[in-house]
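Novice: Got a sequence here, can you build the structure:
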Amino acid sequence: MRFRAAVLRSYESRFDVEEVHLDSGLAEGEVLVRIAGCGMCRTDLAVRHSAGRSPLPAVLGHEGSGTVEEVGGPHTGLSRGDHVVLSFDSCGHCENCLDAVPAHCDSFASLNLFGGRAADAARFTDAAGRGLAPRWFGQSSFAEYAVVSARNAVRTDPALPVELLGPLGCGFLTGAGAVLNSFGAGPGDSLVVLGAGAVGLAAVMAAAASGAVTIAVDRYPERLALAERFGATALPADSADLPGRIRRLTDGGARYALDTTASAPLINDALRSLRPTGHLGLVARLRAALALEPGTLDRGRKISHICEGDAVPGLLIPRLIRLWQAGRFPFDELIRTYPLGAINEAERDCEAGRVVKPVLIPEPSTPT
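Specialist: Residues are numbered from 1 along each chain as shown. Below you'll find the model as predicted:
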């Protein structure tokens with residue numbers, strides 16, 4: 001099967017939209033999905049800064065959504081024509097998967113970070129027959145088609161605009177899941193969100209839906225304006241005595257804080273802004289050792305890493321869609337669509353902060 005995909009060939013190069021090949025049919029439990037839209041996530045762009053740890057060339061993209069074209073075997077639970085949102089891959093049988101925390105799957109790294117499943121490792125090539133890295137997050141959905149495990153495809157209502165739903169599989173899932181799952185925030189709780197990008201704003205919306213009081217911190221006034229529209233109190237990141245301002249606004253300190261910035265000074269500010277026994281969650285990958293200042297973890301405060309919002313995608317994605325339909329999780333207001341051929345423009349706009357969540361729409365074509 002031949003179709004078009006955006007290929008990244010080196011850490012410094014542009015994406016090139018070119019023909020790629022799928023060399024064999026579906027394995028048992030896989031599905032072929034025609035991609036209707038795919039969100040661009042900071043994790044995709046971070047491959048450029050992975051210092052050789054990510055094999056290239058590769059097709060990135062891990063917030064895909066679309067229509068099932070073909071199923072591999074009778075036990076996928078999906079049928080041709082189903083609309084699906086694609087999320088991260090997991091094995092389904094390790095202790096953490098069985099304990100309903102698939103984001104901490106024992107095989108998460110090997111399944112999602114270019115490792116792929118052993119049975120399909122070498123089927124994806126470019127037009128010249130040269131191998132491309134195994135499927136990114138089980139998807140590689142910056143493309144017209146993707147082959148995925150049925151386990152990481154979540155069926156949705158075909159009446160919904162499927163091309164916009166892909167970011168629910170990662171970025172929006174992560175921010176909302178941190179609030180609803182990792183923290184379990186509810187009415188009367190207080191939350192500080194550091195960084196008002198896609199993940200942070202999803203957390204703000206989920207907190208508003210749960211009844212929590214939220215403060216958003218960012219350096220961009222336009223992002224803070226969005227956070228205020230979604231119900232947060234906005235504070236500039238360079239505010240004098242940021243922890244003190246947060247403690248005053250939350251009557252002694254926030255119960256929860258979510259950092260999406262990986263900024264050590266802001267992480268320390270967040271810890272100082274917490275009430276006793278408060279919890280700080282980190283979702284951004286740290287690029288250097290994190291130095292915590294004395295006293296920041298006193299009085300029962302804790303810090304943890306949150307992966308994929310501690311979500312079971314098949315449960316949280318439908319929940320977020322229901323909240324959206326009720327007008328309580330307006331994620332579509334963060335999206336700007338681009339044709340797949342404009343992927344480099346989408347990347348530039350994303351890096352410059354001109355768009356919160358780019359979604360790439362493949363141009364219609366017929367596979368061969």
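Novice: Tell me where the model's unsure across the chain.
Specialist: 24, 51-52, 114-122, 365-368 (pLDDT under 70).
Novice: could you show me where the helices are in it, in order?
Specialist: Assigned by DSSP state H, the helices in the chain fall at 42-46, 95-98, 108-112, 171-177, 198-210, 221-229, 242-249, 264-273, 313-325, 343-351.
Novice: Which parts of the stretch 101-250 of the chain are strands?
Specialist: 124-126, 145-149, 153-156, 190-194, 213-218, 233-236 (DSSP state E, counting those that start in this stretch).
Novice: Pipe these into TSV and attach mean neighbour count per row.
Specialist: (Glycine included, C-beta is placed from N, CA and C.) Putting these into TSV (neighbours: other Cβ atoms under 10 Å) gives the following:
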stretch	mean neighbour count
strand 124-126	18
strand 145-149	25
strand 153-156	22
strand 190-194	29
strand 213-218	26
strand 233-236	17
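Novice: got those strands as CSV, with distance to residue 101 columns?
Specialist: Shown next, in CSV, are these (distance: least, Cβ to Cβ, whole Å):
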stretch, distance to residue 101
strand 124-126, 29
strand 145-149, 18
strand 153-156, 17
strand 190-194, 21
strand 213-218, 25
strand 233-236, 32
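Novice: closest to residue 320 out of those strands?
Specialist: Closest of the strands of the stretch 101-250 of the chain to residue 320 is strand 153-156, at 10.5 Å (criterion: Cβ to Cβ).
Novice: other SSEs contacting that closest one?
Specialist: strand 83-86, helix 313-325 (3 or more Cβ pairs under 8 Å, 6 or more residues apart in numbering; DSSP states H and E).
Novice: Among those, show me which one is buried the most.
Specialist: strand 83-86 (a mean of 27; mean count of other Cβ atoms under 10 Å).
Novice: same for it, what does it pack against?
Specialist: Packed next to strand 83-86, using 3+ Cβ pairs under 8 Å, 6+ apart, are strand 30-39, strand 64-71, strand 153-156.
Novice: Work out the gap between the shortest one and the centre of the chain.
Specialist: Just to be clear, that refers to strand 153-156. Distance of strand 153-156 from its chain centroid, counting by Cα atoms, centre = their mean, to the nearest Å, is 16 Å.
Novice: hang on, residue 283 packs against residue 261?
Specialist: No: when contacts are counted by Cβ atoms under 8 Å, residue 283 is not listed as touching residue 261 (9.5 Å).
Novice: picking up where we left off before, may I see the helices of the chain arranged in TSV, with distance to residue 60 as well?
Specialist: Listed next are the helices of the chain as TSV, based on distance: least, Cβ to Cβ, whole Å:
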stretch	distance to residue 60
helix 42-46	4
helix 95-98	25
helix 108-112	12
helix 171-177	14
helix 198-210	16
helix 221-229	24
helix 242-249	35
helix 264-273	27
helix 313-325	19
helix 343-351	9
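Novice: Minimum distance to residue 137: which of the helices and strands packed on strand 153-156 has it?
Specialist: Among the helices and strands packed on strand 153-156, the nearest to residue 137 by Cβ to Cβ is strand 83-86 (8.3 Å).
Novice: ok, residue 361 - contacts?
Specialist: With contact taken as Cβ atoms under 8 Å, 6 or more residues apart in numbering, residue 361 is in contact with 36, 37, 163, 337, 338, 339, 340.
Novice: Need the winner for burial among the helices and strands packed on strand 83-86.
Specialist: strand 30-39 (a mean of 25).
Novice: picking that back up, let me know which of the helices of the chain is the nearest to residue 149.
Specialist: Of those, nearest to residue 149 by Cβ to Cβ is helix 108-112, at 8.5 Å.
Novice: In the closest one, which residues are buried?
Specialist: 108, 110, 111, 112 (16 or more other Cβ atoms under 10 Å).
Novice: where's the third one relative to residue 48, distance?
Specialist: What that stands for is residue 111. 22 Å (Cβ to Cβ, to the nearest Å).
Novice: do the same with the second one
Specialist: From residue 110 over to residue 48 the distance is 22 Å, taken as Cβ to Cβ.
Novice: List the contacts of stretch 338-356.
Specialist: Contacts of stretch 338-356 (Cβ under 8 Å, 6+ apart): 4, 6, 14-15, 17, 40, 42, 45, 142-144, 197-198, 201, 220, 222-223, 226, 334-336, 358-363.
Novice: coming back round to it: to residue 252, which of the strands of the stretch 101-250 of the chain lies closest?
Specialist: Nearest to residue 252, of the strands of the stretch 101-250 of the chain and by Cβ to Cβ, is strand 190-194 at 9.4 Å.
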